[in-house]
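J.: Using only what follows, build the 3D model:
(4 chains)
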2 protein chains.
Amino acid sequence: MKSELAVLDEFIRSKGLRHTHQREEILNIFLSTEKHVSIDELFKLVKRHDKRIGYTTVYRTMKLLSESGLCGEIDFGDGILRFEHKYGHEHHDHLICTKCGAFIEVMKPKIEELQERLSREHGFTPMRHRLQIFGLCKRCS
Amino acid sequence: MKSELAVLDEFIRSKGLRHTHQREEILNIFLSTEKHVSIDELFKLVKRHDKRIGYTTVYRTMKLLSESGLCGEIDFGDGILRFEHKYGHEHHDHLICTKCGAFIEVMKPKIEELQERLSREHGFTPMRHRLQIFGLCKRCS
DNA sequence: CTTACTATTGAAAATGATTTTCAATTATAC
DNA sequence: GTATAATTGAAAATCATTTTCAATAGTAAG
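T.: Next up is the predicted model:
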């Protein structure tokens, strides 16, 4: 499997864009985090390494990573956009604890299959989906 | 089944709030729309009936209706909060066409059941969930 | 290596939906 | 009616996100 940096570089080249140290650094820091970071959180992490990188650059770089397929955007409905690792990761759904904010990543092929069938029954061509289950995690319930 | 207005009134009384003609009017106009209205859309409809009702009141009243269980808030991930009828309506999921914006309401008990089981497998107590399938509707595909 | 070209950066300002503020108004209980 | 406190609506504040723009820095060509 290609490295994430190679994937980014390939994407950048194919679009006639440029490889910059900011982009490389933001990618590395994103990869080193445990998923689901907001732009603001990521910006703070990035600033620790290099104070001169601005919020805007983090914002723009995450959009770039999204386009290149390296990260996925997730919306838990609280008005803050978060990002998760996507390259080399399977699709999954989320269990979200409404008390402590913890999330669990889950996967149920049978549900995926039923969603596919449900869509077809309505003449709908599914491209992607989002399943979020809100409730209480083991510790909070 | 109690009327929606009766439900609202009961909720209002139970909280020591007041019945106002604005709240009644906004509820009626919301009920007369075909679901999935944003606050902005609803405000425009309301203004046709009564120019003196402000945006803020519509906003606050919809929050009130949400709390009372008369409407549900839906987030399609485009940054705009929409509302749908909830009282006397079954839970359902959404198929959302990414081309024309159409949405289809669907229901698959088997999926609900599997979600329940999936949650339990992870020691999670599910309260509510959100399933949105994005793709192309019959006409657009 | 140097130049020319143009993408990128970062600070600040703009955007846009949502939420709060506050003085005036209005519903409700007594 | 009167007193009390909730409600209203205009305007301002919030807050994440997005755009602007002048300065900076990759990249390719010479």
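J.: Specify the residue positioned farthest from the middle of chain A.
T.: Most distant residue from the mean C-alpha position of chain A: A:Glu121, 29.9 Å away (C-alpha atoms, centre = their mean).
J.: Up against DNA strand C, what does chain A have?
T.: If contact is defined as C-beta under 7 Å from any atom of the strand, the residues of chain A in contact with DNA strand C are A:12, A:16-18, A:20, A:22-23, A:52-57, A:60-61. Every residue, glycine included, has its C-beta placed from N, CA and C.
J.: where do the strands sit along chain A?
T.: In chain A, the strands defined using DSSP state E lie at A:37-38, A:71-75, A:81-85, A:93-97, A:103-106, A:125-136.
J.: so the fourth one versus strand B:125-136, what angle?
T.: Orientation note: strand A:93-97 sits at an angle of 140 degrees relative to strand B:125-136 (axes from the mean of the first three to the mean of the last three C-alpha atoms, to 10 degrees).
J.: sorry, back to before: in TSV: the strands of chain A, plus mean pLDDT and mean neighbour count.
T.: As requested, those are exported to TSV (pLDDT from 0 to 100; neighbours: other C-beta atoms under 10 Å in any protein chain shown):
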stretch	mean pLDDT	mean neighbour count
strand A:37-38	96	17
strand A:71-75	96	18
strand A:81-85	96	19
strand A:93-97	95	21
strand A:103-106	94	17
strand A:125-136	96	18
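J.: Make TSV out of those strands and add distance to chain B.
T.: Compiled in TSV, those are given as follows (distance: least, C-beta to the nearest C-beta, whole Å):
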stretch	distance to chain B
strand A:37-38	15
strand A:71-75	5
strand A:81-85	9
strand A:93-97	5
strand A:103-106	5
strand A:125-136	4
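J.: so can I have JSON lines of the ones you listed showing distance to DNA strand D?
T.: JSON lines is the format used below for these (distance: least, C-beta to the nearest atom of the strand, whole Å):
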{"stretch": "strand A:37-38", "distance to DNA strand D": "6"}
{"stretch": "strand A:71-75", "distance to DNA strand D": "8"}
{"stretch": "strand A:81-85", "distance to DNA strand D": "3"}
{"stretch": "strand A:93-97", "distance to DNA strand D": "17"}
{"stretch": "strand A:103-106", "distance to DNA strand D": "17"}
{"stretch": "strand A:125-136", "distance to DNA strand D": "16"}
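J.: Compare those strands and give me the one nearest B:Lys47.
T.: Closest to B:Lys47 of the strands of chain A, according to C-beta to C-beta: strand A:71-75, at 30.2 Å.
J.: before we move on, back to that, so which of the residues of chain A next to DNA strand C reach chain B?
T.: The subset of those within reach of chain B, by C-beta under 8 Å from any C-beta of the partner chain, is empty.
J.: got a winner among those residues for most neighbours?
T.: Taking other C-beta atoms under 10 Å in any protein chain shown as the neighbour criterion, A:Thr61 ranks highest of these with 24 neighbours.
J.: Next one: that residue from A:His49, what distance?
T.: Going from A:Thr61 to A:His49 by C-beta to C-beta, to the nearest Å gives 14 Å.
J.: go on, A:Ile96?
T.: From A:Ile96 over to A:His49 the distance is 30 Å, taken as C-beta to C-beta.
J.: For chain A, which segments count as helices?
T.: In chain A, the helices defined using DSSP state H lie at A:4-14, A:21-32, A:39-49, A:55-68, A:109-121.
J.: Just give the nearest non-adjacent residue to A:Glu105, would you?
T.: Ranked by C-beta to C-beta, 6 or more residues apart in numbering or on different chains and with sequence neighbours excluded, the top spatial neighbour of A:Glu105 is A:His92, at 4.4 Å.
J.: if I read this right, the one you found contacts A:Phe103, doesn't it?
T.: No: between A:His92 and A:Phe103 there is no contact, the gap being 10.3 Å when judged by C-beta atoms under 8 Å.
J.: how does chain A divide into domains?
T.: For chain A, automatic domain parsing gives the domain ranges A:4-85, A:93-135.
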